[in-house]
Structure formats: C-alpha cells, structure tokens
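Q: Got a predicted structure plus its sequence, pasted below:
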2 protein chains.
Amino acid sequence: MATQDFRPEKKISIFYPPQRVLMGPGPSDTHSRILSAMARPTLGHLDPVFVDMMEELKSLMRYAFQTNNLLTFPVSGPGSVGMEMCFVNMIEPGDKVIVCRNGVFGGRMIENVERHGGVAVVVDDKWGEPVDPQKVEDTLKNNPDTKILAFVHAETSTGVQSDAKTLSDLAKRYNCLTIMDTVTSLGGTPIYIDGWGIDAVYSGSQKCLSCPPGLSPVSFSERVVNLVKNRKHKVQSWFMDINLLLGYWGSSRTYHHTAPTNSLVGLHEALLMLYEEGLEHSWARHQRNHKALKAGLQTMGIEYVVAEPYRLPQLNAVHIPVGVDDKEVRRRLLADFNLEIGAGLGDFAGKVWRFGLMGNSSRVENVIFCLNALETVLSNMGMKVERGAAEVAAYQTYAANTMTV
Amino acid sequence: MATQDFRPEKKISIFYPPQRVLMGPGPSDTHSRILSAMARPTLGHLDPVFVDMMEELKSLMRYAFQTNNLLTFPVSGPGSVGMEMCFVNMIEPGDKVIVCRNGVFGGRMIENVERHGGVAVVVDDKWGEPVDPQKVEDTLKNNPDTKILAFVHAETSTGVQSDAKTLSDLAKRYNCLTIMDTVTSLGGTPIYIDGWGIDAVYSGSQKCLSCPPGLSPVSFSERVVNLVKNRKHKVQSWFMDINLLLGYWGSSRTYHHTAPTNSLVGLHEALLMLYEEGLEHSWARHQRNHKALKAGLQTMGIEYVVAEPYRLPQLNAVHIPVGVDDKEVRRRLLADFNLEIGAGLGDFAGKVWRFGLMGNSSRVENVIFCLNALETVLSNMGMKVERGAAEVAAYQTYAANTMTV
C-alpha cells in the first residue's frame, strides 16, 4: 500500500507558540522551572529513581491538600478524569447523591452521578452565588438516605467560593461522604482536607499550581478506601478503579498503566515551588494581586459578578461593560498584547469576563500590564477611559497591602 | 489551622533524573526535539494558534494511522484510556464482543467489555503466539450475534504481531466491527487502518513515537461515529463520551476539558519527525536494528520467544538463559550502565526479557551498547560469554541490511 495517499494536504512545520500572558481561567503561565523540569530525560515509570520521585510527589501533594490521607496521588488525566474517578468509585447503582450546582462544574457532577448509576438530588443556587448551606441542610433532611454530598469549592465558571467547612460539617451530621472540586482553589486559597474532614477531593495541574494541563491531583480518606474495597459491584471503569490504582500508587507498585513520566516531574517541581513559597504565602500573594486588580478594574467602572466575601482572588469574574463588543476586546488583547483573558462560560457567555490570577500568573506585573492593555483596547474602541488611573489605583493598593504571613 | 503539620518528613530537592538508555517495553528515549517542544511556553487550549496546531496534529495522526477518518485525535490520557474509550463507546448492555487473548492486553480488553456491560467471548492463544484466525472464524460462526471483534495488533507483553488484515477481513465477513490495539506497533511496523478496514484503533505516545507517556492517539471510522450517535443508552463515562468529544475535536470547539497543551505540542513534534522520516523508512529502520540485535543475542545463545514471521522488531522478547538471576542482571544493567531493559510481565515474569527498540531508541548505537553491557554483566555473573562476538555479529548484520525504501 502507498503511504503517500494519507500525507497532510498543507505543509506542516515545527510549532513555535507565541509567548502569551495567560490571565484566563487556566492554564496559567507555566514557570520556566517547571518547563525545564518536564524537558529532563524520560525515565522508565518503574525505575527505582522514578518510584522515589513518586513518593516525594505524594508527600508534597499531601502538604498542598493539608492531609495525611495515604491515598493521595496525581491522576494521569485532566481534572475531568479526577472528577469522574471520585464519582465512579464511590457510587453504586441507586445511590443517592446531593449535588450543589451554582455553575458549570456542578452540572458536570450531575452527569457523572447519573452515568454511574446514581440518583442525583440537585441543590441549585444562582450563578455567581455560593452554595447555600440552609438549602443543603433542608435537602439532607428530606433525603435521609443520601450517601454523598458533592460540591464545588471554587467555581471556575463564576469565580465564587463556597463555605467548604460548613458544607462538610453538614454532611457529617447527616452521615454523608463528601466529594469536593478544588480544581481552581488548590494553592490559591486555603484548603484543609483533614481539618474540614473532606472524603474525596480532586484538582487540576494548570490553575494555581501553574503546570501545563493534563494531571489531576486527588486524595481519598480511609472511609472512601474502605467503601471502594467493599463495593458490591465492580467499578464501571477499568482505568479509574481505585482498587487497581492502590496497587500502582501504593507499596506493591503493581503495573497498571504507564504513568506520564515527564508531566509528573513537572508537577513535582510545581509542588516543590509551592512548598518552598509556603501555602500561607501563596494564599496571601493571590489575595494581594487580586486586590490590586480589583482596585484597577473598579477605577475603570468594571463591576464584579460575585459579592464579598465569596470572591475568588484567583478568578475575577466581572460584568462586561454595556455596549462593549466582548469578542473584539478579547481578540485585540490576544492579537495586539499577547494577553489571554477568559470568556464567559455557559449562562455567562457574552456577559462576563474572567481574569485569572493563578499561580505563576498571579504577579503584580501582570495586573498592571492587563489593566493598561484593557484601557488601550477599550479606549480605542470608543469607551471613555481615564488613561493610567487604573494602574495607579492598582499599584497603590498593592503597595498598601504588604503581606504579613 | 497550621500548615506546618503536613510538611513532608524528608527534605525534598529538585528532581534531576539520571540519563538512561531506555530499551524496555516503553517509554522509549524521548528525542531532544520533543523534549524541547514540550518546554515551549504554554498556550491557552482555546487559543486560535493552538487550535490550528490541533488541526495539524490530527492530520499528522491520520498519516501515521494511514486513514482518512475524520475522528482521529489524541486522547488526554495514556493508552489504557484510549482502550477504554473504544469499548465504553461501542458497547451497549448485553452486546457480545469476541476478544482475542494472547497476552496481558487481551486480558485487559475482557475487563473492559465486562465493566461496560458487554458479554465477552474469549479466543485464547498461547502467550508468544499470534491470534489464530481459524479459531476466530470458528468463534464467529458459533456466535452470529457478535457485534465487535477486538484484538491486539502488537502484544507488548510477548513481542508477537498478529495478522490484522486477515482478522479484519473475517470481522467484515461476519458483519462485526473491529477494535485494534496498536500501542506498540504505531510507527514501528506497518499499519493501514483504511487499507485493512479497522473501525476503532488506539495507541500510545511512548513507544515508537518516542514521546513521554500520557497521550493515546485514537481513530474511529464513520461506522463507529454513527453507532455512537445512535446509542440507546448514554455512554457510561462522561469524560470518554465521543458524542461530547466530537464537539471539542471537531469544528465547533465546544469546551469539554482542558487539553494537555504542552504534551500535545510534544506529540506534534514527534509525529512531524515521523512524517519527515517517512513511515516506510521508520518501519525499515526498526527492522534493520532488530536484525542487528537478533544476530547479537543469538550469538550469545539467547533465544527468541516468538517464531518468525510474527516477531515484532520493536519488542524483542527472549528467554532468560537458564541459571541466570533475572533481577540481578536488570539491576546491574540499570545501576552500572544506565540501561533499562524490560522484565517479563504476567505469565512471563522471571522467564523473559523484553528488549525494546522503539522510535528514538531504535538506533544501532543502542544495539551495540546493549549487547556489550549484557556481555559484561553476564560474564561477571559467571556465565560463559565470548567477549565482543555479539557486537561483531550485530554490526555485520546491520551493515549487510542497508535500507532500500
């Protein structure tokens, strides 16, 4: 057979990406330390040197999650696989799961519950508002056979943070397990998995950890491990079955799949950087840069979607000013300034911008640059903007908020 | 709460891996071009520049698979996720699937069939032997309600290649769809997805493409796309549902998950390198280096597991010489020579070594180095080995087999 027939129609060359400033909902800018870590020579995934690195990775991850959970490891797939790993292992046919939905990712949780044979009871809150604990308690009361309470800690689609501790306390009072989405919060705002008593948690590599996307840190309590070991039905997925992964990430190192070696070395570097900085310092840095951006945006008359104290410092969702062409603004920011900001998702499409200040992207240089670029674009498009005022306000706020960790 | 409590017990430093020569069953040695490609700046996964790169990636992948299938893309997960994506989408409850098992990965296919609600009919062949088409035909005859025939093209656990065209022709004659595992074959031995009429195929990035592990190229025929669009039951997995992925990898670019941006740029580079070399040339190179290694190993009295013409050039499974301490040999090769070779898997544990000559690892330098290291270790461990003879035989064979593509 002739292989020529399947040649690409167009000439394809080496791909050199432009150097963007990533201030959308993720990925954030990967730090050069992490990029170079991933470019180190590939090791075999069962190499003893690599296995030692995996142990370090697990312990750095426990620090980031603030947990002693033995079963803490990075899933070899993006955050959506981490989410699915929680649901597919913990749900057996007919199990009732209360899902709190106040954005896109709560909706995805419902899909997961249903596809894995569970029954979803939905607690809806308005987009941009946190999960209402009172509604959750009422629903728990009305559904005493509930097995799991699932909620999103930091909703990437709206920039809102819910009160994880209160929700977890409620779940405990009604004898439920908890599944919590921390894709956007891990490393950016406080998370205390053991302190809050969360049973299953998943996150993503590409937000406040500033790795490239593709890995999902997860952690499971002993209660979940026992539950999964004693399931009546086999887990619906071979790849995601924790019973099999226990052997691979545990002490026996039984071959399961070939781990994404270079990406894991990148995650090791990212978590080491977070540890070197210290969690409290990283949280404070995210707050400080958020306050600076907020001061600047408000000077420009741009309003936040989320009310205090529920705003995520790492994901600033704002209303697009009236009369402004959403797509054209984002197109110009990208084309003229190499600056990526986030569009609105789902119900917020065309109405909201999302400014990410995550991980390595959470820097005052980015805040100032972004405000200046936005001023230029809006003013070129005919909006009345006082040039330079936002940057002054941002920098004054930044200077006034020295960190005291 | 105090974050100190969860600090790692041991001091953790930046991870600098040793520079190995990877001649196991994968990962193979990542080429420096691919390592540096992955270390380029991260782009947003919806950036128009990135989206163009995704299109190039799909067309390079079509060349590698020799197909015009529109639905050809890299799954954001390792080969096991690629496998599961085929089964979870194509099987509805009660569907009958004939699975050919002649090694570890056929066994994993059975797990997939059963977990996704199908009924597996197993055709067993001895480890190290190819799938027997006569047995498959008999089984098809006895099971006229079979929907899918699934088989492994290149069994990584045994080094055997089965006759994909004959199996695919049989499936067609009995009105079955086909699922084929090409994790180890893609890029190393001929694959003609359209020429053979295969319906669903998955592979891995870390074998003959020499990327780091973590991605799974897949391709689906129009028949599969129609099947999945017209399913009676929702696909059991949210992440793997092709109906949703069609939107993401198709023209609409609907947000599904955040693609592993940097890994995909690495895969783009790897596929571009394969295209630049040309498939026929890559296949011939794998053959040539295999013949050289074989000449050397046979000079040392080491025998192959698989009979001709079913040997995979990229995965040389050999019987461990009698009286030799398997683990100690592999330990010394790794510790003293930075050389990784593969252990036996499953039934072959302790009995077989697997020498990978995949992608960038398939080089005559590696053949000579490996033979020399093996001679040294075996001779130091008391086995009678004529020093230098294997290398001479290998190089003579290499020189005699100039490539005529």
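A: Alright, I've got the coordinates.
Q: what about the strands in the stretch 301-405 of chain A?
A: Here the stretch 301-405 of chain A has its strands, by DSSP state E, counting those that start in this stretch, at A:315-319, A:339-341, A:352-356.
Q: Could you say which of these is packed most deeply?
A: When you average the neighbours per residue for each of these (mean count of other Cβ atoms under 10 Å in any protein chain shown), strand A:352-356 leads with a mean of 26. Every C-beta, even on glycine, is put in place using the N, C-alpha and C of the backbone.
Q: Run through the neighbouring helices and strands of it.
A: The helices and strands touching strand A:352-356, judged by 3 or more Cβ pairs under 8 Å, 6 or more residues apart in numbering or on different chains; DSSP states H and E, are strand A:21-23, strand A:315-319, helix A:326-337, strand A:339-341.
Q: let's see it at 7 Å
A: strand A:315-319, strand A:339-341 (3 or more Cβ pairs under 7 Å, 6 or more residues apart in numbering or on different chains; DSSP states H and E).
Q: for these, which one sits closest to B:Thr3?
A: With Cβ to Cβ as the criterion, B:Thr3 lies closest to strand A:315-319 of these, at 22.2 Å.
Q: So what touches the closest one?
A: Contacts with strand A:315-319, where a contact means Cβ atoms under 7 Å, 6 or more residues apart in numbering or on different chains, come from A:25, A:156, A:158-159, A:184, A:290, A:293-294, A:297, A:302-306, A:351-357.
Q: Can you lay out the helices and strands packed on strand A:352-356 as a markdown table showing distance to A:Lys172 and mean pLDDT?
A: Output for the helices and strands packed on strand A:352-356, formatted as a markdown table (distance: least, Cβ to Cβ, whole Å; pLDDT from 0 to 100):
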| stretch | distance to A:Lys172 | mean pLDDT |
| --- | --- | --- |
| strand A:315-319 | 28 | 98 |
| strand A:339-341 | 39 | 98 |
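Q: can you list the domain ranges for chain A.
A: A:32-275, A:278-400 (automatic domain parsing).
Q: deepest of those domains, which one?
A: domain A:32-275 (a mean of 22).
Q: what mean pLDDT would you report for it?
A: Per-residue pLDDT over domain A:32-275 has a mean of 97.
Q: first to last residue in that domain, what's the distance?
A: The first and last residues of domain A:32-275 sit 17 Å apart, counting by Cα to Cα, to the nearest Å.
Q: re earlier: in a markdown table, list the helices and strands packed on strand A:352-356 along with distance to B:Asp125.
A: Listed next are the helices and strands packed on strand A:352-356 as a markdown table, based on distance: least, Cβ to Cβ, whole Å:
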| stretch | distance to B:Asp125 |
| --- | --- |
| strand A:315-319 | 54 |
| strand A:339-341 | 52 |
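Q: residues contacting the closest residue to A:Phe369 other than its chain neighbours?
A: Closest residue to A:Phe369 apart from its sequence neighbours, by Cβ to Cβ, 6 or more residues apart in numbering or on different chains: A:Val21 at 6.6 Å. Contacts for A:Val21 were tallied using Cβ under 7 Å, 6+ apart; they are A:Asp29, A:Asn338, A:Leu339, A:Glu340, A:Asn366, A:Phe369.
Q: Out of those, which is nearest to A:Glu114?
A: Distances from A:Glu114 to those, taken by Cβ to Cβ, are shortest for A:Glu340, at 33.6 Å.
Q: How much space separates the closest one from B:Glu56?
A: 21 Å (Cβ to Cβ, to the nearest Å).
Q: Check A:Glu328 too.
A: Counting by Cβ to Cβ - A:Glu328 and B:Glu56 are separated by 27 Å.
Q: One more: A:Val131?
A: 42 Å.
Q: Residue for residue, what is the longest helix chain A has?
A: Secondary structure of chain A per DSSP state H: the longest helix is helix A:279-299.
Q: how far is that one from where the chain is centred?
A: 18 Å (Cα atoms, centre = their mean, to the nearest Å).
Q: between it and strand A:352-356, what angle do the directions make?
A: Orientation of helix A:279-299 against strand A:352-356 (axes from the mean of the first three to the mean of the last three Cα atoms, to 10 degrees) gives an angle of 140 degrees.
Q: ok, is helix A:279-299 in contact with chain B or not?
A: Yes: counting by Cβ under 7 Å from any Cβ of the partner chain, chain B is contacted by helix A:279-299 at A:Leu279, A:Glu280.
Q: Tell me which helix or strand comes right after the helix or strand that contains A:Leu246.
A: Per DSSP states H and E: A:Leu246 is located in helix A:242-249. The C-terminal neighbour of helix A:242-249 among helices and strands, as given by DSSP H and E, is helix A:261-277.
Q: for that following helix, packing partners?
A: helix A:32-38, helix A:48-65.
Q: before we move on, the earlier item: contacts for the helix holding A:Leu246, please.
A: Taking Cβ under 7 Å, 6+ apart as the rule, helix A:242-249 contacts A:Leu71, A:Phe73, A:Asn89, A:Phe220, A:Val228, A:Lys229, A:Val235, A:Thr254, A:His256.
Q: Contacts only, for the second one.
A: Spelled out, it's A:Phe73. Going by Cβ under 7 Å, 6+ apart, A:Phe73 touches A:Lys58, A:Val218, A:Trp249.
Q: Pick the one among those closest to chain B.
A: Within the contacts of A:Phe73, the smallest distance to chain B is 9.3 Å, found for A:Lys58 (Cβ to the nearest Cβ).
Q: Just confirm yes or no for stretch A:49-62 near chain B.
A: Yes: using Cβ under 7 Å from any Cβ, stretch A:49-62 reaches chain B at A:Val49, A:Met53, A:Glu56, A:Ser59, A:Leu60, A:Arg62.
Q: Please name the nearest non-neighbouring residue to A:Leu71.
A: Counting by Cβ to Cβ, 6+ apart, A:Leu71 lies nearest to A:Phe220, which is 4.4 Å off, once chain neighbours are set aside.
Q: Was I right to think the one you found contacts A:Asn69?
A: Yes: in this structure, A:Phe220 is within contact of A:Asn69 by Cβ atoms under 7 Å, at 6.1 Å.
Q: Setting the sequence-adjacent residues aside, check what's closest to the residue of the stretch 101-250 of chain A found nearest chain B.
A: Across the stretch 101-250 of chain A, the shortest distance to chain B (Cβ to the nearest Cβ) belongs to A:Gly214, at 3.0 Å. With sequence-adjacent residues excluded and distances taken as Cβ to Cβ, 6+ apart, A:Gly214 is closest to B:Pro260, at 3.0 Å.
Q: ok, that neighbour - contacts?
A: For B:Pro260, the contact set (Cβ under 7 Å, 6+ apart) comprises A:Pro78, A:Pro212, A:Pro213, A:Gly214, B:Ser76, B:Gly214.
Q: Looking at the contacts of A:Phe73, spot the one nearest A:Phe15.
A: For those, the nearest to A:Phe15 is A:Val218 (31.1 Å; Cβ to Cβ).
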